[in-house]
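S.K.: Using only what follows, build the 3D model:
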Amino acid sequence: MRSAWRLVGPLILILPVIMLYTDLCGRRAFGDDCKKVPNILVLFDASGFMKEKDHYETLLKQMEFFEKAIPLTADGFFNIGLRHYGLKVGMGCDSTESILAIQPWDPERFINSFPRTVSYGTSAIAAGLRAAGDEIASVNGKSIIVLIGGGMESCKADPIKIAEQICQNNPDVEIHTFQVGNSQDGLYFLKGIAQKGRGTYHRVAEISSPAGWHAWMKQYWVKPCGPSAPTPVTGGATPLSPILFDFNSSSVVSKDPTTNAANRATIDVLALSLKQNPRSRVTLRGFADGRGKPDQNLAVARKRADAVAQFLTSMYGIPRSRMSIQAMPATMPAPTALYPQDDRMSRRVEIELSQ
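M.R.: The predicted structure follows:
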């Protein structure tokens, strides 16, 4: 058994990560994935506000995540454009700039078109939205505007009304907003724009990896279709990859970089799903490896499930009232018969997301 484990153990331990990266970094869309949204326009804040408190560095990092997540989701289905908004000195409140017109997805051009410095002085969401509306009106099919920024408006204009007008003129348009920073004015405008734009509002801080953007894109950009597509489940449960733990540890942070990356990606996706579906709940089932006494194993199993719950609350603001904690007996089988009872997969928290 030990000899066999030395041969297959390393592969088994990294298998969840291989599966994750296959999904996030190289998976082609299945034949029954349809073009839900053929046109995407990313509208981002390039104003002076973004220089404050490292906002622009945060935005650059998010755009890198965004760029890595798009091809995994899009798989050649989409056209995409990139535009930034803000006011150059002396240009007036109608100034904006188109960086990359809507065209077939090209990841290299997309990321290279994103400016590395802030080129504008003050913020003008209204001007950016007007330009985005004009560009969206020139293409065919359903379109999404993704607005990423601080949400500040320096001109005497109401971007919420402009968003409403864009959607009235274009029934197939949605506007989704992502806030950088914690400005109350920005919160007001970005929430209002998303509401009038038939979209969703999020804080950028909620997304800490390409996996977060990937989960959001899969929900709003792609939908199953065709005779082979499964029927959506509305009241059932959605399993996610388990969170794995080091020996004698109840921390979600693993000393093994591969395991740690897989754990964080799973939690990112779970947190984003909980935020996007306010009625959903999660059940966290903790397991131990069976090396100690039964009562000790149950205590460790509960600590591990509770650690995941605490991480969701402290890092993502998910209420504990939406979580159920269960400590499972150590004799419960691991997810696959290939794992011996005392390996890493026995030290886990299984996740069940339900409506």
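S.K.: can we go C-alpha only for contacts and neighbour counts from here?
M.R.: Noted.
S.K.: SS state for V252?
M.R.: Assigned by DSSP: H, G, I helix; E, B strand; the rest coil, the conformation of V252 is coil.
S.K.: tally of neighbours for it?
M.R.: Each residue near V252 was counted by other Cα atoms under 10 Å, and the total is 23.
S.K.: Can you give me the distance of the spatially most central residue of the chain to Q62?
M.R.: Taking Cα atoms, centre = their mean, the centroid of the chain lies closest to G212, which sits 1.9 Å from it. Applying Cα to Cα, to the nearest Å, one obtains 10 Å for the distance of G212 from Q62.
S.K.: hmm, back to that, would it be right to say that the residue nearest to the centre of the chain lies in a helix?
M.R.: Yes: remark: G212 belongs to a helix, assigned using three-state DSSP.
S.K.: Pull up the per-residue confidence for it.
M.R.: Confidence at G212, expressed as pLDDT, is 79.
S.K.: doesn't L272 make contact with it?
M.R.: Yes: here G212 reaches L272: they are 6.5 Å apart, a contact under Cα atoms under 8 Å.
S.K.: which residues of the stretch 151-300 of the chain fall in helices?
M.R.: Along the stretch 151-300 of the chain, the stretches classed as helices by DSSP state H, counting those that start in this stretch are 159-169, 184-196, 210-221, 257-276, 294-316.
S.K.: how about the ones you listed in JSON lines, adding distance to I325?
M.R.: Listed next are those as JSON lines, based on distance: least, Cα to Cα, whole Å:
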{"stretch": "helix 159-169", "distance to I325": "41"}
{"stretch": "helix 184-196", "distance to I325": "33"}
{"stretch": "helix 210-221", "distance to I325": "24"}
{"stretch": "helix 257-276", "distance to I325": "15"}
{"stretch": "helix 294-316", "distance to I325": "6"}
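S.K.: wait, which of those is closest to S354?
M.R.: In terms of Cα to Cα, the element of these nearest to S354 is helix 257-276, at 9.6 Å.
S.K.: which outside residues touch that closest one?
M.R.: Helix 257-276 is contacted from outside by 13-14, 16-17, 20, 206-209, 211-212, 215-216, 240-244, 252-254, 280-281, 312, 316, 318, 353, using Cα atoms under 8 Å, 6 or more residues apart in numbering.
S.K.: Likewise for stretch 278-288?
M.R.: Among residues not part of stretch 278-288, those counted as contacts by Cα under 8 Å, 6+ apart are 274, 297-298, 300-305, 308-309, 322-330, 332, 346-355.
S.K.: And for stretch 54-71?
M.R.: With contact meaning Cα under 8 Å, 6+ apart, stretch 54-71 is reached by 24-25, 49-50, 105, 107, 110-111, 116, 118, 148-149, 180-181, 204, 207-211, 213-214, 217.
S.K.: Can you check which of the helices of the stretch 151-300 of the chain gets nearest to I175?
M.R.: Distances from I175 to each of those were compared using Cα to Cα; the minimum, 5.7 Å, belongs to helix 184-196.
S.K.: got the angle for that closest one vs helix 159-169?
M.R.: If you take axes from the mean of the first three to the mean of the last three Cα atoms, to 10 degrees, helix 184-196 sits at 10 degrees to helix 159-169.
S.K.: what comes up buried for helix 184-196?
M.R.: Under the neighbour-count criterion of 16 or more other Cα atoms under 10 Å, helix 184-196 has G186, L187, F189, L190, K191, G192, I193, A194, Q195, K196 buried.
S.K.: Mind giving me the packing neighbours of it?
M.R.: Counting by 3 or more Cα pairs under 8 Å, 6 or more residues apart in numbering; DSSP states H and E, the packing neighbours recorded for helix 184-196 are helix 159-169, strand 173-179, strand 201-203.
S.K.: So for that helix, mean pLDDT?
M.R.: Mean pLDDT, helix 184-196: 90.
S.K.: give the contact list for R198.
M.R.: Taking Cα under 8 Å, 6+ apart, one finds C167, E174, I175, H176 in contact with R198.
S.K.: hmm, try it at 6 Å
M.R.: With Cα atoms under 6 Å, 6 or more residues apart in numbering as the criterion, the residues that contact R198 are E174.
S.K.: Point out where the chain drops to low pLDDT.
M.R.: Confidence mapping of the chain against pLDDT under 70 gives the ranges 1-36, 53, 71-77, 88-92, 94-96, 118-119, 222-239, 330-345.
S.K.: so where do the strands sit in this protein?
M.R.: Along the chain, the segments classed as strands by DSSP state E run 33-35, 39-45, 79-85, 96-104, 143-149, 173-179, 201-203, 222-224, 237-244, 281-286, 323-327, 348-354.
S.K.: Show me the one of the ones you listed that comes nearest G128.
M.R.: Evaluated with Cα to Cα, the strands of the chain place strand 79-85 nearest to G128, the distance being 4.7 Å.
S.K.: Run through the neighbouring helices and strands of the closest one.
M.R.: Where contact means 3 or more Cα pairs under 6 Å, 6 or more residues apart in numbering; DSSP states H and E, strand 79-85 is packed against strand 39-45, strand 96-104.
S.K.: quick one: which of the ones you listed is nearest G292?
M.R.: By Cα to Cα (comparing all of those), the closest turns out to be strand 39-45, at 53.3 Å.
S.K.: Find out how far that closest one is from the centre of the chain, if you would.
M.R.: For strand 39-45, the distance between its averaged C-alpha position and the chain's averaged C-alpha position is 16 Å (Cα atoms, centre = their mean, to the nearest Å).
S.K.: Please find the angle between the direction vectors of that strand and strand 143-149.
M.R.: What separates the directions of strand 39-45 and strand 143-149 is an angle of 20 degrees, with the same axes, to 10 degrees.
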